[in-house]
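Trainee: test case, fold it:
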Amino acid sequence: MGEVLSQSEIDNLLQAFNSGELDVEEIKETPDKQVKNYDFKRPSKFSKEHLRTLEIIFEHYGRLLSTNLPAHLRMNVQVNVASSETVTFSEFTNALSNPVILGIVNFSPLRGNIIIELQANLGYVMIDRMLGGMGQPLEKNRDFSEIELSIIDKIMLTCMTLLREPWKNVVDLEPYMERIETNPQFAQIMAANEMIAIVTLNIKVGDSEGFMNICLPFATLENIMDKLNTKYWFSTMQEISDESYQDHIEALIKRVDIPIRAVLGKSIISVMDFASLQRGDIIRLDTKVDDELDIFVGNLKKFTALPGTNKENYAARVTSVIREEE
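Mentor: The predicted structure is shown next:
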C-alpha cells in the first residue's frame, strides 16, 4: 500500500501548485515504474546466485571427470560447464530423446532424487572404447543391449561417486544409484510442473562430443538453498597450507606399488642357442658367485645387495644405497 498523506501535507502540496513551485505537466511526464510479469505457474525458485554456485560445484565435478574417465576409456576426456538454467520438469523430459541414458540417483541425506542424463551418442562411444574399439559413435541410434547397459552402469556409477567431493563444502553426500533408465517415460521422479535446475556439461571423448545434463529438483535442494551462494561457499572452503599439501601428496605416493627386481647378472647368447635351451642347461653370467647384485626400482638402479634365502624364499640383503649424485 502506498504512503498516505496527512492533511497538513495535502495543504502544503496544494499551496505549492498554486504558487507555481510544482509543475503539473512535469509530474505527468515522470516515467512510470516498469512492471515485470510474474508467472505463478513457473516461480523463480533458483536465483542467479544459486545457478552460479551450482556452476562452481560442477566445474569442480568436470575436472574430476576429466581425470577419472580416461582410466576407464583409455582416451583423453575433456569436460567443461556449458550452461545452467531453470525449467519445469516437463520441459526437461519433453526434450529428451529415445533412447537416452538416465541415471536416477538418490541424493542422500537430502530427500528425493536427481537425474544424470548422458546423451546416447556418448554412451555408444564409451561402450566402443571399453570393448576395445576406437571410440566411434553409431550412425543411427538404437536400443541398448543388456551387455551394453551393464557397461554403462559402471560408467554411471563412477560419475555418481565423483559427486561427493564437489558437494562436500555444502553437504556430505552419500549418493547411490537407484536405477538406470533408457526410456524417459520411466523417469518420472516428480510432478511435471515442479521447478528444476539443469547444469549442462560438454564432454569430449576423443573426436566425439556430447552433453551430460544434471537435473537438480528444487524439492531436493530446498533444505540447503541458503548454502548455495558464493559467500557461504568461499567461507567454508578449507585453506590447505603448502606443508600439509606436501604431506598429503607424500602419503599418497607411499601407497603406490612399484616393481623391484634383483639382477643376478647378464649374458649374451645366440638365437640358435636360445631356441635349443633345455631344462638343466647352464647359462654363464658376467658376475661371480660372491659379487653383489644390482637392485632396480622400476628402471632405476637404487641398491646393491647380497643374495640369500628367507625360509623357503629367495631373498636379497641390501648392502648399499645408490644416491642420485652417484
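
Trainee: which residues sit against the host helix or strand of P166?
Mentor: Secondary structure assignment for P166, by DSSP states H and E: helix 164-167. Contacts to helix 164-167, defined as CB atoms under 8 Å, 6 or more residues apart in numbering, come from residues I57, F58, H60, Y61, L64, D172, L173, E174, P175. C-beta coordinates here come from the backbone N, C-alpha and C atoms, glycine included.

Trainee: filter these down to the buried ones.
Mentor: I57, F58, H60, Y61, L64, L173, P175 (16 or more other CB atoms under 10 Å).

Trainee: returning to what we had before: could you dump the contacts of helix 164-167 to TSV with secondary structure, distance to A192 and pLDDT?
Mentor: Converted to TSV, the contacts of helix 164-167 look like this (DSSP: H, G, I helix; E, B strand; the rest coil; distance: CB to CB, whole Å; pLDDT from 0 to 100):
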residue	secondary structure	distance to A192	pLDDT
I57	helix	26	89
F58	helix	25	91
H60	helix	31	90
Y61	helix	27	91
L64	helix	32	90
D172	coil	31	88
L173	coil	26	87
E174	coil	29	90
P175	coil	24	89
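
Trainee: and of those residues, the nearest to I282?
Mentor: Using CB to CB, L64 is the member of those that sits closest to I282, with 55.5 Å.

Trainee: my guess is the closest one contacts L162. True?
Mentor: Yes: checked against CB atoms under 8 Å, the pair L64 and L162 is within contact range at 4.5 Å.

Trainee: of all the buried ones among the contacts of helix 164-167, which two lie farthest apart?
Mentor: Counting by CB to CB, the most remote pair of these is H60 and P175, 15.6 Å apart.

Trainee: circling back to that earlier point, next, the buried residues of the helix holding P166.
Mentor: Quick answer for helix 164-167 (16+ other CB under 10 Å): P166, W167.

Trainee: how many other residues sit next to I101?
Mentor: I101 has 23 neighbours, counted by other CB atoms under 10 Å.

Trainee: distance of it from G135?
Mentor: I101 sits 16 Å away from G135, taking CB to CB, to the nearest Å as the criterion.

Trainee: cool, T200 as well?
Mentor: Distance of T200 to G135, given as CB to CB: 22 Å.

Trainee: of these two, give the one with the bigger neighbour count.
Mentor: G135 (18 against 15).

Trainee: can you list the weak-confidence ranges in the stretch 201-326 of the chain?
Mentor: Residue ranges of the stretch 201-326 of the chain with pLDDT under 70: 230-245, 248, 324-326.

Trainee: which parts of it are helices?
Mentor: Per DSSP state H, counting those that start in this stretch, the stretch 201-326 of the chain carries helices over the ranges 218-221, 230-236, 242-254, 271-275.

Trainee: same question for the stretch 51-200 of the chain.
Mentor: Using DSSP H, counting those that start in this stretch, the helices of the stretch 51-200 of the chain run over residues 89-94, 120-130, 146-161, 164-167.

Trainee: out of the ones you listed, which gets nearest to R52?
Mentor: For the helices of the stretch 51-200 of the chain, the distance to R52 is smallest for helix 164-167, at 14.5 Å, taking CB to CB.

Trainee: gap between the closest one and the chain center?
Mentor: Here helix 164-167 is found 9 Å from its chain centre; the criterion is CA atoms, centre = their mean, to the nearest Å.

Trainee: and I116, how far from N223?
Mentor: Taking CB to CB, one finds I116 at 21 Å from N223.

Trainee: neighbour count for these two, which is higher?
Mentor: Set side by side, I116 and N223 show more neighbours around I116, with 21 against 12, by other CB under 10 Å.

Trainee: any idea how far E181 is from that one?
Mentor: Distance from I116 to E181, counting by CB to CB: 11 Å.
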